[in-house]
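> with the sequence up front, the predicted model follows.
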Amino acid sequence: MKKGLFISFEGIEGCGKTTQMNLLAGYLKKEGVSVLKTREPGGTKIGEKIREILLNPDNKKMSKETEMLLYGASRTQHIEEIIRPALKSGKIVLCDRYADSTLAYQGFGRNMGLSFIKKACPLSLGTIQPELTILLDLDVKTGLSRIKNRKGGNDRIEKEKIAFHNKVRKGYLKLAKTSRGRIKIVKADKEIDEIQKEIKDIVIRKLRSKE
């Protein structure tokens, strides 16, 4: 490809997006495609420091506004240092969470509203948007049960009440309805291989459309 392709993976806690992203990366590399895997918050040295602050369970007093701005700061650094250069070089960038997470978690989960986030800090949503987003949809109780005994314990976001996570899931589904061309819903309650096959088919169609 002469131009890169930006693909994000989204979903509630425990939906399996990281596993599916890694499987897709492995497949694409075997096909000779240049791939960059990254994540949010994080992706850079600065971003990983911000990630530690955001996800530390001890930071219970963090305001939702501070949370939103920290995610935005991590994303801005991520774009300029990692994502934009990779896309310019023609790589496929696979990102574990991106701007839709801010809209779902802060906009819906924290009841901040989409219009407020867009007006308050446009940089929170990034200056580059994915061409394709894979939304792994899963029942909240199932997702949380998967991460219940996660090594190292649950982070600050994972520890939120189930009502919060339900609002996040509903938010994701609302976003998908308004961005049908970009956001593709993949049910995450199936076998890993079956889910991966569906994702591969979606990505292959996208790649062919760019040829």
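Done, it's in.
> where does residue 134 fall, phi/psi-wise?
Torsion angles at residue 134 (phi, psi; degrees, to the nearest 10) stand at phi -90, psi 110.
> I figured it was touching residue 188, is that so?
No. Counting by Cβ atoms under 8 Å, residue 134 stays clear of residue 188, with 10.0 Å between them. The C-beta positions use only the backbone N, C-alpha and C, and glycine is treated the same way.
> quick one: low-confidence parts of this structure?
Applying pLDDT under 70 to the chain flags the ranges 1-2.
> kindly recompute the last result at 80.
1-3, 121, 123, 211 (pLDDT under 80).
> next, give phi and psi for residue 81.
Dihedral angles for residue 81 - degrees, to the nearest 10 - are phi -90, psi -30.
> ugh, wrong one, residue 183
phi -90, psi 120.
> same deal with residue 16?
phi 90, psi 10.
> what's the burial count for the closest residue to it other than its chain neighbours?
Using Cβ to Cβ, 6 or more residues apart in numbering and skipping the chain neighbours, the partner closest in space to residue 16 is residue 188 (5.3 Å). By the measure other Cβ atoms under 10 Å, the count of residues near residue 188 is 23.
> quick one, what contacts residue 188?
For residue 188, the contact set (Cβ atoms under 8 Å, 6 or more residues apart in numbering) comprises 11, 15-16, 136-138, 195.
> that one and residue 96, how far apart?
Residue 188 is 14 Å from residue 96, where distance means Cβ to Cβ, to the nearest Å.
> what do you get for residue 84?
18 Å.
> so for the two, which sits in the more crowded spot?
residue 96 (20 against 16).
> ok, that one - contacts?
9, 17-18, 21, 37-40.
> would you list the phi and psi of it?
Torsion angles, degrees, to the nearest 10, at residue 96: phi -80, psi 100.
> ok, and the closest non-adjacent residue to it?
Nearest non-adjacent residue to residue 96, counting by Cβ to Cβ, 6+ apart: residue 39, 3.9 Å away.
> residues contacting that neighbour?
18, 95-97.
> need the residues you listed in a markdown table (columns: secondary structure and distance to residue 117).
Formatted as a markdown table, these follow (DSSP: H, G, I helix; E, B strand; the rest coil; distance: Cβ to Cβ, whole Å):
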| residue | secondary structure | distance to residue 117 |
| --- | --- | --- |
| 18 | helix | 24 |
| 95 | strand | 19 |
| 96 | strand | 20 |
| 97 | coil | 15 |
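> quick one: neighbours of residue 62, just the number.
14.
> many thanks, we can stop here.
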